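Asker: okay, here's the prediction I keep looking at, along with the sequence it came from:
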Amino acid sequence: MKTSAAPARNPLAKDQDATNSHPVARLEPATMPWEDRPSQDHSVVWRHSLNPVIGRHHMPGVQGVYNSAVARFGDSFVGVFRLEKRDRFPHLHVGWSRDGLAWEIDPAPIKFAKGDPNSQADYAYDPRLCEIEGTYYITWCGGHNGPTISIAATRDFKTYERLENAFLPFNRNGVLFPRKIGGKYFMLSRPSDDGHTPFGDIYVSQSPDLCHWGMHRLVMRRGGGEVGQWWQRTKIGAGPIPIEIEDGWLMIYHGVMDTCNGFVYSMGAAILDREQPWRVLYRVNQHLLTPEADYEVFGHVPNVVFPCAALHDRASDRLAVYYGAADTSCCVAYAHLSELVEFVKKNSVLF
């Protein structure tokens, strides 16, 4: 793997020695974030009581941290964050946390070892983070004559290898599956346009090597008035890395409706076939979370709940979903994984 200059130091590794060993190897194992559902709340998904966990002014000169990715790394958690300063130009920054809630974010953007001499000037936003066979892959919406899906690989979050862009412009919401299926990598995406896309369906593509992508197949279309699903009638896009369950793959996604006052982004879920993930087995017939809290309704882009990452623990049946709120801050919501799966199966509509 290629190298890049000035790798970021993990601020959690306060006892690192000169050999620069695994940055969190000496820390006790961390548990994923969790809060029990409030007694008065009967929703299948509920909000963290101290949202947002990362506010708009998390660091000096920063005006927003949102639509970001989180994953386990060693005995702790790592994140790749969409961060905007006062020029509002989006970059990706790495961050570290012991509990998945309190984050230390590197003030310098990630530097990618690259082949394209112009790639460092590209915008980068809405990342996802997927571990496959010991390598962590970052996918994001990158500028390359318009928005498309960019990919980079790392094993240590110190050096990053920039891979070839997956697709032609225009495309957004590139989400890898966490393992190969039939010997191939799979990625969800939403073909789009060069602006604030007023349309969009979810597709899945296959690759033998994370470079050559093909066999693009429709997964599911946006909803509409004909099926009474106005909350997802304008466009849909994949969110966190799909979670493998007994029934197949749990895919959490965002659904968007157009209103007289702009778009509204909500959270939904579907279950895809394990071996043929373009086949939708179940798809929820109502949103799981919609902008209602002040930090979701008010911000740089009002009325946005945008899920990008999820942590789950099968032993405890716990699920923590990270989502961007109003394109301003990072928030967390919780669910019991088995309960959410049953909810999707019992409250499903196909279209």
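Answerer: Structure received.

Asker: please pull out the lowest mean pLDDT helix or strand from this protein.
Answerer: strand 161-162 (a mean of 94; mean pLDDT, DSSP states H and E).

Asker: so which elements touch that strand?
Answerer: strand 147-154 (3 or more CB pairs under 8 Å, 6 or more residues apart in numbering; DSSP states H and E). C-beta: built from backbone N, CA, C; applies to glycine.

Asker: and the strand it packs on, which strands flank it?
Answerer: strand 135-143 (antiparallel), strand 161-162 (antiparallel) (DSSP bridges).

Asker: so Leu210 belongs to a strand, correct?
Answerer: No. Membership of Leu210 in a strand is not supported by DSSP: H, G, I helix; E, B strand; the rest coil, which gives coil.

Asker: mind listing what it touches?
Answerer: Contacts here follow CB atoms under 8 Å, 6 or more residues apart in numbering; on that basis Leu210 touches Tyr137, Ile151, Ala153, Leu163, Ala166, Tyr185.

Asker: averaged pLDDT, stretch 214-233. What do you get?
Answerer: Mean per-residue pLDDT for stretch 214-233: 92.

Asker: cool, and stretch 265-278?
Answerer: 98.

Asker: just stretch 87-98 next, same as before
Answerer: Computed over stretch 87-98, the average pLDDT equals 97.

Asker: can I get the CA coordinates of it in PDB?
Answerer: Written as PDB, here are the backbone C-alpha positions of stretch 87-98 (Å, rounded to 0.1, in the frame of the first residue of the first chain):
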ATOM      1  CA  ASP A  87     -15.300  28.200   3.400                       C
ATOM      2  CA  ARG A  88     -18.000  25.500   3.500                       C
ATOM      3  CA  PHE A  89     -15.800  23.200   1.300                       C
ATOM      4  CA  PRO A  90     -16.200  19.600   2.600                       C
ATOM      5  CA  HIS A  91     -13.300  17.500   3.500                       C
ATOM      6  CA  LEU A  92     -12.900  14.100   5.300                       C
ATOM      7  CA  HIS A  93     -11.200  13.900   8.700                       C
ATOM      8  CA  VAL A  94     -10.400  10.900  10.900                       C
ATOM      9  CA  GLY A  95     -11.500  10.800  14.500                       C
ATOM     10  CA  TRP A  96     -11.200   8.500  17.500                       C
ATOM     11  CA  SER A  97     -13.500   7.600  20.400                       C
ATOM     12  CA  ARG A  98     -13.500   5.300  23.400                       C
END
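
Asker: in it, which residues are buried?
Answerer: For stretch 87-98, burial by neighbour count (16 or more other CB atoms under 10 Å) applies to Pro90, His91, Leu92, His93, Val94, Gly95, Trp96, Ser97, Arg98.

Asker: next: stretch 149-163.
Answerer: Applying 16+ other CB under 10 Å to stretch 149-163 flags 149-154, 156-163 as buried.

Asker: so which of those residues comes closest to Pro240?
Answerer: For these, the closest approach to Pro240 (CB to CB) belongs to Ile149, at 15.9 Å.

Asker: residue ranges for the helices of this protein, please.
Answerer: For the chain, the helices defined by DSSP state H cover 294-297, 337-346.

Asker: let's have those helices in a markdown table, adding mean pLDDT, mean neighbour count and distance to Pro242.
Answerer: A markdown table is the format used below for these (pLDDT from 0 to 100; neighbours: other CB atoms under 10 Å; distance: least, CB to CB, whole Å):
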| stretch | mean pLDDT | mean neighbour count | distance to Pro242 |
| --- | --- | --- | --- |
| helix 294-297 | 98 | 18 | 24 |
| helix 337-346 | 98 | 17 | 12 |
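
Asker: so which of these comes closest to Glu84?
Answerer: Nearest of the helices of the chain (CB to CB): helix 294-297, 16.4 Å.

Asker: show me what that closest one is packed against.
Answerer: strand 329-336.

Asker: okay, the strand it packs on in CSV with CA atoms only?
Answerer: The C-alpha coordinates for strand 329-336 follow below in CSV (Å, rounded to 0.1, in the frame of the first residue of the first chain):
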residue,chain,number,x,y,z
SER,A,329,-24.4,17.9,13.4
CYS,A,330,-23.9,14.2,14.2
CYS,A,331,-26.5,12.3,16.2
VAL,A,332,-27.2,8.7,17.4
ALA,A,333,-30.4,6.7,17.6
TYR,A,334,-31.0,3.2,19.1
ALA,A,335,-33.0,0.1,18.4
HIS,A,336,-33.0,-3.6,19.3
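
Asker: show me what that strand is packed against.
Answerer: Against strand 329-336 (3+ CB pairs under 8 Å, 6+ apart) you get strand 46-47, strand 62-73, helix 294-297, strand 318-325.
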